[in-house]
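**Student:** Please work out how this folds:
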Amino acid sequence: MMMIGLFYGTQTGNTETIAEQIQVAFGGDGIVTLHEISDSDASTFGQYQQIIIGCPTWNIGELQSDWDDFYEGDLNQIDFSGKQVAYFGPGDQVGYSDNFQDAMGLLEEKISGLGGETVGHWPTDGYEHDASKAVKNGKFVGLALDEDNQPELTDSRIQAWVGELKLIFGV
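**Tutor:** The predicted model follows:
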């Protein structure tokens, strides 16, 4: 079985905690390897055909700082052709209703442009926001989580999303 690489950036620890929950839902570190993006480079991505990207939306529609640095540098050196890429991110749909999950949308757009195949789309039902760069064709490009306003839904959303990804990834 091929391992899955999960790359995340975290500012407050929420994204790291979610990454760990996703790892457990997949069955542990024998299936999903966690990588902090601040400790990763382009060559690390080359080890995986199946990738999960985790990034919170920071400030007003921006990438988390470690992802911001990687976005302008190493990310441009990665050929994602033939790779399946899933996305997740925590955000605040109430306080930042006009740019909820924008970071996930920014990363998905760039990685798709570098050849990545986006998998793991997530419905917008149950969310209250005005705009998002992460919504395409009526769905989020990945798992949208809101630890500020809907923390009670995080576990069930992770379980459902990982269940779909297991089928897609053949786990």
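**Student:** and the closest residue in space to Gln23 that isn't next to it in sequence, what does it touch?
**Tutor:** With sequence-adjacent residues excluded and distances taken as CB to CB, 6 or more residues apart in numbering, Gln23 is closest to Val32, at 4.4 Å. Yep, even glycine has a C-beta here, placed from its N, CA and C like the rest. Counting by CB atoms under 8 Å, 6 or more residues apart in numbering, Val32 makes contact with Met3, Ile4, Gly5, Leu6, Ile22, Gln23, Phe26, Ile52.
**Student:** Tally up the residues packed near the first one, please.
**Tutor:** The number of residues packed around Met3, counting by other CB atoms under 10 Å, is 16.
**Student:** That one contacts Gly27, correct?
**Tutor:** No: judged on CB atoms under 8 Å, Met3 makes no contact with Gly27 at a distance of 11.0 Å.
**Student:** that older thread, out of the contacts of Val32, which end up buried?
**Tutor:** When the contacts of Val32 are checked for burial by 16 or more other CB atoms under 10 Å, the buried set is Met3, Ile4, Gly5, Leu6, Ile22, Gln23, Phe26, Ile52.
**Student:** Now the helix or strand hosting Thr154: buried residues?
**Tutor:** Per DSSP states H and E, Thr154 falls inside helix 154-169. Residues Thr154, Arg157, Ile158, Trp161, Val162, Leu165, Phe169 are the ones in helix 154-169 that count as buried (16+ other CB under 10 Å).
**Student:** Tabulate the CA atom coordinates of the lengthiest strand in the chain in PDB.
**Tutor:** With secondary structure taken from DSSP state E, the chain has its longest strand at strand 84-90. Only the C-alpha atoms of strand 84-90 are listed here, as PDB (Å, rounded to 0.1, in the frame of the first residue of the first chain):
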ATOM      1  CA  GLN A  84      -4.300  13.000  -6.300                       C
ATOM      2  CA  VAL A  85      -4.500  16.000  -3.900                       C
ATOM      3  CA  ALA A  86      -7.100  16.500  -1.200                       C
ATOM      4  CA  TYR A  87      -7.400  19.700   0.900                       C
ATOM      5  CA  PHE A  88      -8.700  20.700   4.300                       C
ATOM      6  CA  GLY A  89      -8.700  23.900   6.300                       C
ATOM      7  CA  PRO A  90     -10.000  25.500   9.400                       C
END
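**Student:** which is the next helix or strand following that strand?
**Tutor:** helix 102-113.
**Student:** For the following helix or strand past that next one, the averaged confidence score.
**Tutor:** Helices and strands here follow DSSP H and E; after helix 102-113, the next one along the chain is strand 117-118. The pLDDT scores in strand 117-118 average 98.
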